[in-house]
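Asker: sequence and predicted structure, then a few things I'm wondering about:
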Amino acid sequence: MNPAPLVEPGPPLTAERVTRFSRQLMLPGFGELAQRRLAAARVLVVGAGGLGSALVPYLAGSGVGTIGLVDDDTVELSNLHRQVSHGVADVGRPKIDSLADTVAGIDPDCRVIRHRDRLTSANALDVLAGYDLVVDGSDNFPTRYLVNDAALLVGIPLVWGSILRFHGQVGVSWREHGPTYRDLFPVPPSPDEVLSCAQGGVLPSVCAWVGALMSTEVVKLVTGVGEPLLGRVTTIDALSGRSRELSYQAIADAPQITSLVDYELFCGLESAASSLATVTDAAGAPLAAATAPRGVTAADLLARVRGGEPIRLLDVREPAEAELRRIAGSELLPLGDLVEGGEPPAGAGTLVVYCEQDLRSRRAARLLLERGHDDVVFLVGGIDRFASVAADLVQR
Ligand SMILES: Nc1ncnc2c1ncn2[C@@H]1O[C@H](COP(=O)(O)OP(=O)(O)OP(=O)(O)O)[C@@H](O)[C@H]1O
């Protein structure tokens, strides 16, 4: 059975609003009450990147009255091909500011609340509590599980989507009315299996397709019009032009979610706090060095290279990424090959492992330490960060 509309209707529409939404008001099953529900709705969107910038204009266009945006990132040139709500003049600006401007251009009466922050276990419950519904347009598994669990604890529905290369998925997670994201994906994938858009690429129109489906789910949940994707996932494949539907159910003996956890650790990643520090015992002696890789910052690495220290650089990205840019003098050993037993070339000096940011390099550094290599660190922020301090050492 379909859930009742999520939001009570707001005040009657003004003449301007009736004209603005006239082509929507005439839709079968829609009408003024549905439009007033949208006007009263408060929708939080996590991520103002590929998905957020595709779906938020449609939320504004549909008449959602309040849109919260959470993102701590700024617009980069490599975002523009798919994050079409941001333009050339926005490069370097906070994504949420650029997206808020896009919304204002569509409907100045749409209220935008800016959370220029990373959503974390520490702030998620407070942030979500002010909204009727949350939409996850982030790009990583720790955030997906965090948003799912926070929505569940706050008691609001979640519309989630994900994209990679030519594919995408969309679903709704709402404990009160069906299974949740955790029923579909009870265990996060191993970090070795996860590719981000920065690593695997993505077709811009896939963002548009998935973003449009996500905003449609929001409209359906808020108004009660149509059948939301509860217990169903839509998957799309742009290459074949096909979409499919998968059904799933709640897992009977699933663990109860009672509080938020460290989602980086839950997803098999080093937590930000533990990865940069060496773990020590009470006397200050290093502990667990074999499993707690240390990071080196881009600035420190640059100083060590310029100071003539012997450094070996190991690139654990894919060959296609290394063809686009690499740190001069580095050797390539993709993480998958390393996991299967590949070894870096022998040599003297600290082995600095890097990838695009630092997810794969942390994992690789940990593996190498576990295999007995003792002078291994990962590059914090990866080649992305290094290129901003030492462009002359990055070959393109
Ligand atoms: N926990 C989080 N809190 C807030 N924003 C998040 C969180 N996790 C991811 N995001 C945001 O979600 C957006 C995802 O966008 P997208 O997938 O297009 O990747 P990107 O980081 O912009 O691009 P690229 O990976 O190519 O550098 C990013 O803007 C990112 O900052």
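Answerer: Noted; the coordinates are in hand.

Asker: what's the neighbour count on Ser196?
Answerer: Counted with other CB atoms under 10 Å, residues neighbouring Ser196 total 15. Heads up, the C-betas are built off the backbone N, CA and C, glycines and all.

Asker: just the pLDDT for it.
Answerer: Here, the pLDDT recorded for Ser196 equals 73.

Asker: which SS state does the residue in the chain positioned nearest to the ligand fall under?
Answerer: Using CB to the nearest ligand atom, the single residue of the chain nearest to the ligand is Gly49, 1.9 Å away. Under DSSP: H, G, I helix; E, B strand; the rest coil, the three-state class of Gly49 is coil.

Asker: which secondary structure element contains Leu164?
Answerer: strand 158-164 (DSSP states H and E).

Asker: give me the angle between the next helix or strand after that strand and strand 158-164.
Answerer: As assigned by DSSP H and E, the chain's next helix or strand after strand 158-164 is strand 167-173. Going by axes from the mean of the first three to the mean of the last three CA atoms, to 10 degrees, strand 167-173 is angled at 170 degrees with respect to strand 158-164.

Asker: helices or strands next to strand 167-173 in the packing?
Answerer: Judged by 3 or more CB pairs under 8 Å, 6 or more residues apart in numbering; DSSP states H and E, the packing partners of strand 167-173 are helix 141-154, strand 158-164, helix 181-184, helix 204-223, strand 232-237.

Asker: which bits of the stretch 101-250 of the chain sit near the ligand?
Answerer: 118-119, 138-140, 143, 196-198 (CB under 6 Å from any ligand atom).

Asker: could you pick out which of the residues you listed are located in helices?
Answerer: Counted as lying in helices by DSSP state H, out of those, are 143, 197-198.

Asker: let me know the pLDDT of Ala40.
Answerer: On the pLDDT scale, Ala40 gets 98.

Asker: coming back round to it: could I get the ones in helices among the residues of the stretch 101-250 of the chain next to the ligand as a markdown table with neighbour count and distance to Val352?
Answerer: As requested, those are exported to a markdown table (neighbours: other CB atoms under 10 Å; distance: CB to CB, whole Å):
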| residue | neighbour count | distance to Val352 |
| --- | --- | --- |
| Thr143 | 22 | 27 |
| Cys197 | 20 | 25 |
| Ala198 | 17 | 20 |
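
Asker: what average pLDDT does stretch 368-377 get?
Answerer: On average, the pLDDT along stretch 368-377 is 91.
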